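In: Structural data only, the sequence is not supplied:
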């Protein structure tokens, strides 16, 4: 596995690939890699000839009071794991590469307000603007054919897909299903913040979303009642609930009775740790469009 | 000259060029082409092997009450002129290609506040955000090696250069000197709005900026007095003055006494028509950095 820290170094590695006609996949991460990330690398290997994984903890996507400073940074372990997973190039840009004129003076992107203004966007104002800003930079620096993102951050996936479409990037966005622990807990670097008791109850989040999905799937018309029931159950278990929402999978709008392809999404706090998860629902007996 | 209206059509033309190793220059325009634009195409031919000229009147860079609706659209004449100038591909995207999810719902860029908040940015709030949004789209759709912009829109040139640097585009930005009528009037599509008397006096704008530049060059320390004198002269001639400013060429900051490379920039109204112009000043006896 090769390693690059700036555009010139990336270019030196990727230009020969391009001249050979090899397709390049990008896996953007913030490091502290777990099996979820490695499944992104595996997907990238299936979708392209060469895999570039970036590790950059992007200050622009953390809000005030969030965990930017304490976010786990484990570069050497990450590097070993990526090498074993078959990553070809590790891109670890410094702030000078990502924000050459400084964070406050930089050009920024504003994510599409339709997608970025709800759910996570309400809980974390500006978060998705920071995400699309850094992903656009990575797209421009790496110039991949394909970019791979996890469905665990489902709203982020939609926001990035829209950014790629709106800005005319010819980059195919590949979603990858969430990897979970045996308990159902979605893999996340922030799971490291959980103590033993919190980790045990955290697995229940997924079970409750699956239960809600089952209610929606079997024809429950009133999604708001389903959301309320799931919220009540989560509170009983000691979670503080940011939201539980049944939404259309394609655009996160409220589902109409004719929409078959939905998603149940939630964000909760387990003590000081914020957890997000989502599950897919295909409503039976309703045909797609 | 070939013609494309969307990404797929561009790609069909440019991919064979890329496979041959040919370098591609982009000349973004809003059409209504004059000799100034054609000098951009000539520069593009010097800088690259193939030239793509885009024509798109971008609604996002016009403010409320500005001339978006009345901006001159002369596609067939433009197409002939480009063919004669040696342009290889004319790109005329529709709104669906440039803003596939609609202008109000689209991902947007915010230009660097340092550069975009002054001068034109004060007179035309949001203008440069619209400019960088559309130029980033054009960069992503066309994927040029080089992009050519006129120095007549000097602040725009800096804003775009910063956008390209900040977002990690590996695209070389090439500035091209302003083309002028015999009177000194900078070529501009908006000159079409001038009546005969207005057009005659419009040539004086450049003369006054050159005079101001001469004062700065010959050692006048007090740039504000120079700006005030030029403003007074312009008002005498019947112009309404948005600004006359002596600024550092690299970042539009107020010049210190040690800065050799400056620019005198102005925006004025001649009746209902807004004119901009700028001239370079190298202060003698001050060494660069």
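Out: Happy to help now that I have it. In this text the structure is predicted, and so the values were computed from the model without any measurement. Residues are numbered from 1 along each chain as shown, chains lettered A, B, ... in the order given.

In: Please, which helix or strand holds residue A:147?
Out: Following DSSP states H and E, one finds residue A:147 within strand A:146-150.

In: If you count contacts, what does the next helix or strand after that strand end up packed against?
Out: Sequence order places helix A:154-166 as the next helix or strand after strand A:146-150, per DSSP H and E. Contacting helix A:154-166 under the criterion 3 or more CB pairs under 8 Å, 6 or more residues apart in numbering or on different chains; DSSP states H and E are the following elements: helix A:113-116, helix A:120-123, helix A:127-142, strand A:146-150, strand A:172-176, strand A:261-270. Glycine gets a C-beta too; all of them are placed from N, C-alpha and C.

In: can you redo the ones you listed as CSV with distance to chain B, mean pLDDT and mean neighbour count?
Out: Below are those laid out as CSV (distance: least, CB to the nearest CB, whole Å; pLDDT from 0 to 100; neighbours: other CB atoms under 10 Å in any protein chain shown):
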stretch, distance to chain B, mean pLDDT, mean neighbour count
helix A:113-116, 5, 95, 22
helix A:120-123, 13, 96, 18
helix A:127-142, 4, 98, 24
strand A:146-150, 13, 98, 24
strand A:172-176, 13, 98, 18
strand A:261-270, 19, 97, 22
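
In: could you dump these to CSV with distance to residue A:164?
Out: Converted to CSV, the helices and strands packed on helix A:154-166 look like this (distance: least, CB to CB, whole Å):
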stretch, distance to residue A:164
helix A:113-116, 12
helix A:120-123, 18
helix A:127-142, 8
strand A:146-150, 8
strand A:172-176, 6
strand A:261-270, 20
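
In: Pull the contacting residues for residue A:36.
Out: A:150, A:152, A:178, A:179, A:186, A:187, A:188 (CB atoms under 8 Å, 6 or more residues apart in numbering or on different chains).

In: what do you get for residue A:97?
Out: A:5, A:6, A:7, A:141, B:168.

In: what do you get if the cut-off is 10 Å, keeping everything else the same?
Out: Residue A:97 is in contact with A:4, A:5, A:6, A:7, A:8, A:9, A:10, A:56, A:91, A:137, A:141, B:168, counting by CB atoms under 10 Å, 6 or more residues apart in numbering or on different chains.

In: what helix or strand is it on?
Out: Using DSSP H and E, the element containing residue A:97 is helix A:95-98.

In: Who are the packing partners of the helix or strand that that helix is followed by?
Out: Beyond helix A:95-98 on the C-terminal side, the first helix or strand identified by DSSP H and E is strand A:108-110. If contacts are counted by 3 or more CB pairs under 10 Å, 6 or more residues apart in numbering or on different chains; DSSP states H and E, strand A:108-110 sits against helix A:127-142, helix A:154-166, strand B:108-110, helix B:127-142.

In: out of these, nearest to residue A:252?
Out: Smallest distance to residue A:252 across these (CB to CB): 6.5 Å, for helix A:154-166.

In: State the number of residues packed around the nearest residue to residue A:190 once chain neighbours are set aside.
Out: Distances taken as CB to CB, 6 or more residues apart in numbering or on different chains put residue A:273 closest to residue A:190, at 5.8 Å, once the chain neighbours are dropped. Residue A:273: 18 surrounding residues under other CB atoms under 10 Å in any protein chain shown.

In: Could you tell me which strands sit next to the strand holding residue A:147 in the sheet, and their orientation?
Out: strand A:24-29 (parallel), strand A:172-176 (parallel) (DSSP bridges).

In: Can you lay out the ones you listed as JSON lines showing distance to residue B:253?
Out: Listed next are those as JSON lines, based on distance: least, CB to CB, whole Å:
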{"stretch": "strand A:24-29", "distance to residue B:253": "35"}
{"stretch": "strand A:172-176", "distance to residue B:253": "40"}
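
In: Would you tell me which of these gets closest to residue A:240?
Out: Closest among the strands paired with strand A:146-150, once you apply CB to CB, is strand A:24-29, at 27.4 Å.

In: the inter-axis angle of that closest one versus helix A:127-142?
Out: For strand A:24-29 against helix A:127-142, the angle by axes from the mean of the first three to the mean of the last three CA atoms, to 10 degrees is 140 degrees.

In: Neighbours of the residue nearest to residue A:88 when sequence neighbours are not counted, how many?
Out: In space, residue A:88 comes closest to residue A:50 once its chain neighbours are excluded; the distance is 4.7 Å by CB to CB, 6+ apart. If you count neighbours by other CB under 10 Å, residue A:50 ends up with 21.

In: mean confidence for the helix holding residue A:97?
Out: The pLDDT scores in helix A:95-98 average 96.

In: can you check stretch A:75-86 too?
Out: Averaging pLDDT residue by residue across stretch A:75-86 gives 98.

In: Give me the buried positions along that stretch.
Out: Going by neighbour count (16 or more other CB atoms under 10 Å in any protein chain shown), the buried part of stretch A:75-86 is A:78, A:79, A:81, A:82, A:85.

In: got the residues of the stretch 1-150 of chain A near chain B?
Out: Proximity of the stretch 1-150 of chain A to chain B, by CB under 10 Å from any CB of the partner chain, involves residues A:6-8, A:10-11, A:18-19, A:21, A:93, A:97-102, A:104-116, A:128-129, A:132-133, A:136-143.
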